[in-house]
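Enquirer: Curious how this folds, go ahead:
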Amino acid sequence: AAPAAEEAPAATAAAPDFDFSQLDMPALSSTMKEGKVVSWLKGEGDAVEAGEAIMVVESDKADMDVEAFEDGFIAAIITDEGESTAVGAPVALIAAEEADIPALQAYAASLGGAPAAAAAPAAAAPVAAKAAPKAAAAPNAAASAGGRVVASPLAKKMAEEMGVDLTTVAGSGPNGRITAGDVTKAASGGAPVKKAAAAPTKPKWQPAEGVVAATPTARVLAKKAKLDLASIEGTGEFGRVTADDVKIATGEVKPKRKVAAPGAPAPVELPEGLVPFTGMQRAVSNNMVATLDCPVFRASREIEMDAFNALYQQVKPKGVTVSALLAKAVAKAIEKHPIVNSSFRPEGTFFNKDINIAMAVAIDGGLITPVLKYANERDVMEIGENWKDLVGKAKSGTLSPDEYNSGTFTISNMGMFGVAQFDAILPAGQGGILAVAGTQEHIVPCKQSILGMKKISKMTVTLTCDHRQIYGADAALFLKTLNEVMMNPSQLL
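Expert: Sure, this is the predicted structure:
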């Protein structure tokens, strides 16, 4: 038998006399005996910080990130991606100073990260024992079972830059690993090459079945937010869920806007953030809140508009607007139903002697209601002139308080915007407000028509009333009278 000294492995080189740390395969569970390096998140020469994830390890239970415990630089990766090693075995060396990387790489060559191969059975035939030295004389194979190339990260990077096919390079490192020097020699043509073989496609890393790939911070945040990691789309390396992905899911962080494709229209810039109310907007807001204490009801009715529209076409050249005609018509209907012009008092119903029609007007930055006073008593031409003057003052902000806060009944007209029907909020201190929608054409039966049908124009109006002193019958009768006035508008002149 050969002397025992010939079988002894080479002694490990002495540790370098400078500051560095050794990263060992961690025990990720109580039953874990060895771990597999799924992927390195950092390469040789990369700077790392304490607490930063540097590799993904597959244990007997799950894939987990392994973090660096100290700041420094990855000097040497001993256990490559896809390789397994025993718990506690070195997988990488971290240098405190970048200048110490070459010395640590030389030291790493004497360590070796992969566990020793199982010893041959003691009962092996003598012929096999004699054949072993011959086999050992052959160049170390750079590819493990399955044809995977074993090379250091730096060697892989250099091979890609130099255009060297790693499957043709014989490795001189531990366990036949290809080093950066091997790639340099192969590029210059000074190194032995292996017989070319078809390079297998490197499989894409996938986490173990039932395990969601996520960073440690992402797992903590998801647990705190009570979110299922499986429901979050990961944007990190290998599709891992990152902390930002969790924050986007919780609304803490806004997702990054995708850049528009070349030639596509630029996205519309929309306003963002708090814009303080102006004095007018604050007043409108307060008035709306004040109406919440008032019990209201609403009643709607269709109004026939053909005769009214014909009258408008007659007076339009004289400067009379639809708003002026509507104010006059509503005021004439109120004369027969003064209850809708009243207001509530704790002691009873307060009837307003005058019919002052407030007309809602939208202006830049707010809403205001100029008032057409004594609308039932004045000529429609005079009302038209008054309305034109009030609108001008509203837009310039020169209305006096009496010109916008003396209304006893309000009209809100959105017919010019094509609105089919809407409800208006009752102003505080008034008994009713009329919401006027747009005019629409309808086909109705007609005995006088040749086809027995005719086309007429109708609009829908909705009356909102204070139910404390105005009842449903009052609203219905008022709307009936308003329809009669609109169908016979000659009384408006």
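Enquirer: mind listing the strands for the stretch 201-350 of the chain?
Expert: Using DSSP state E, counting those that start in this stretch, the strands assigned to the stretch 201-350 of the chain run over residues 296-304, 343-345, 348-350.
Enquirer: The last one - contacts with which helices or strands?
Expert: What it means is strand 348-350. If contacts are counted by 3 or more Cβ pairs under 8 Å, 6 or more residues apart in numbering; DSSP states H and E, strand 348-350 sits against strand 343-345. Using the backbone N, CA and C atoms, a C-beta is placed for each residue, glycine as well.
Enquirer: The strand it packs on pairs with which strands, parallel or anti?
Expert: Paired with strand 343-345 in the same sheet, following DSSP bridges, are strand 348-350 (antiparallel).
Enquirer: Give me the residues contacting the strand it pairs with.
Expert: Residues from elsewhere that reach strand 348-350 (Cβ atoms under 8 Å, 6 or more residues apart in numbering): 339, 342, 343, 344, 469.
Enquirer: and if we set it to 10 Å?
Expert: With Cβ atoms under 10 Å, 6 or more residues apart in numbering as the test, strand 348-350 has contacts from 338, 339, 342, 343, 344, 408, 429, 431, 466, 468, 469, 470.
Enquirer: ends of stretch 31-49, how far apart?
Expert: Distance between the two ends of stretch 31-49: 29 Å, counting by Cα to Cα, to the nearest Å.
Enquirer: Quick one: distance of that stretch to the chain centre.
Expert: 33 Å (Cα atoms, centre = their mean, to the nearest Å).
Enquirer: Where does pLDDT dip in this structure?
Expert: Along the chain, segments meeting pLDDT under 70 span 1-13, 59-63, 112-148, 174-175, 190-210, 260.
Enquirer: picking up where we left off before, may I see the strands of the stretch 201-350 of the chain arranged in CSV, with mean neighbour count and distance to residue 421 as well?
Expert: Formatted as CSV, the strands of the stretch 201-350 of the chain follow (neighbours: other Cβ atoms under 10 Å; distance: least, Cβ to Cβ, whole Å):
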stretch, mean neighbour count, distance to residue 421
strand 296-304, 16, 7
strand 343-345, 16, 26
strand 348-350, 13, 29
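Enquirer: Adding distance to residue 73, write these out as a markdown table.
Expert: Rendered in a markdown table, the data for the strands of the stretch 201-350 of the chain read as follows (distance: least, Cβ to Cβ, whole Å):
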| stretch | distance to residue 73 |
| --- | --- |
| strand 296-304 | 74 |
| strand 343-345 | 81 |
| strand 348-350 | 86 |
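Enquirer: ok, back up a step: can you tell me which of the contacts of strand 348-350 is closest to residue 76?
Expert: Relative to residue 76, the closest of the contacts of strand 348-350 is residue 429; by Cβ to Cβ it sits at 84.0 Å.
Enquirer: Any figure for the gap between the closest one and residue 29?
Expert: Distance of residue 429 to residue 29, given as Cβ to Cβ, to the nearest Å: 74 Å.
Enquirer: Next: residue 339.
Expert: Counting by Cβ to Cβ, the gap from residue 339 to residue 29 is 82 Å.
Enquirer: out of these two, which sits in the busier spot?
Expert: Using other Cβ atoms under 10 Å as the criterion, residue 339 and residue 29 rank with residue 339 on top: 19 against 14.
Enquirer: picking that back up, most neighbours out of the contacts of strand 348-350, which is it?
Expert: Within the contacts of strand 348-350, residue 431 tops the neighbour count with 29 neighbours, counted by other Cβ under 10 Å.
Enquirer: Quick check, it in contact with residue 468.
Expert: Yes. Applying Cβ atoms under 10 Å, one finds residue 431 in contact with residue 468, separated by 8.9 Å.
Enquirer: Can you get me a residue count around the closest residue to residue 166 other than its chain neighbours?
Expert: Using Cβ to Cβ, 6 or more residues apart in numbering and skipping residues adjacent in sequence, the residue nearest residue 166 is residue 149, 4.6 Å away. Residue 149 has 21 neighbours, counted by other Cβ under 10 Å.
Enquirer: Likewise for the one 5 residues further on?
Expert: In terms of burial, residue 154 registers 19 neighbours under the definition other Cβ under 10 Å.
Enquirer: Tell me the secondary structure of residue 105, please.
Expert: Of the three states, residue 105 takes helix under DSSP: H, G, I helix; E, B strand; the rest coil.
Enquirer: Please name the bridge partners of the closest residue to it other than its chain neighbours.
Expert: Nearest residue to residue 105, sequence neighbours excluded (Cβ to Cβ, 6+ apart): residue 76, at 4.6 Å. As for beta bridges, residue 76 partners with residue 93 under DSSP bridges.
Enquirer: My guess is residue 76 contacts residue 46. True?
Expert: No. Contact criterion Cβ under 10 Å: residue 76 and residue 46 do not qualify, at 12.0 Å.
Enquirer: Common neighbours of those two, please.
Expert: With Cβ under 10 Å, 6+ apart as the test, residue 76 and residue 46 both reach residue 153.
Enquirer: All the strands of the stretch 51-200 of the chain, in order from the start?
Expert: Going by DSSP E, counting those that start in this stretch, the stretch 51-200 of the chain shows strands at 53-58, 63-67, 72-77, 84-86, 90-95.
Enquirer: of those, which approaches residue 156 most closely?
Expert: strand 72-77 (10.6 Å).
Enquirer: related to what we said a few turns ago, looking at the strands of the stretch 51-200 of the chain, which is closest to residue 402?
Expert: strand 53-58 (72.3 Å).
Enquirer: so what does the closest one touch, helix or strand wise?
Expert: Strand 53-58 is packed against strand 34-40, strand 63-67, strand 72-77, strand 84-86, strand 90-95, with contacts defined by 3 or more Cβ pairs under 10 Å, 6 or more residues apart in numbering; DSSP states H and E.
Enquirer: and the angle from the third one to strand 34-40?
Expert: Our comparison of strand 72-77 with strand 34-40, counting by axes from the mean of the first three to the mean of the last three Cα atoms, to 10 degrees, yields an angle of 120 degrees.
Enquirer: Use 33 as the first number for this chain going forward.
Expert: Sure, I'll start counting at 33 from here, so that last one is strand 104-109.
Enquirer: In PDB, list the C-alpha atoms belonging to strand 104-109.
Expert: Presented in PDB, the C-alpha positions along strand 104-109 are these (Å, rounded to 0.1, in the frame of the first residue of the first chain):
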ATOM      1  CA  GLY A 104     -16.100  45.600   3.100                       C
ATOM      2  CA  PHE A 105     -15.500  44.100  -0.300                       C
ATOM      3  CA  ILE A 106     -16.200  40.700  -1.700                       C
ATOM      4  CA  ALA A 107     -12.700  39.400  -2.200                       C
ATOM      5  CA  ALA A 108     -13.300  35.800  -3.100                       C
ATOM      6  CA  ILE A 109     -16.300  33.600  -3.700                       C
END
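Enquirer: So what's the gap between that strand and the chain middle?
Expert: Remark: strand 104-109 is offset 38 Å from the chain centroid, using Cα atoms, centre = their mean.
Enquirer: neighbour count winner among residue 108 and residue 78?
Expert: residue 108 (28 against 13).
Enquirer: For residue 126, see how far away the more buried one is.
Expert: For residue 108, the distance to residue 126 - Cβ to Cβ - is 9 Å.
Enquirer: Right, I'll leave it there.
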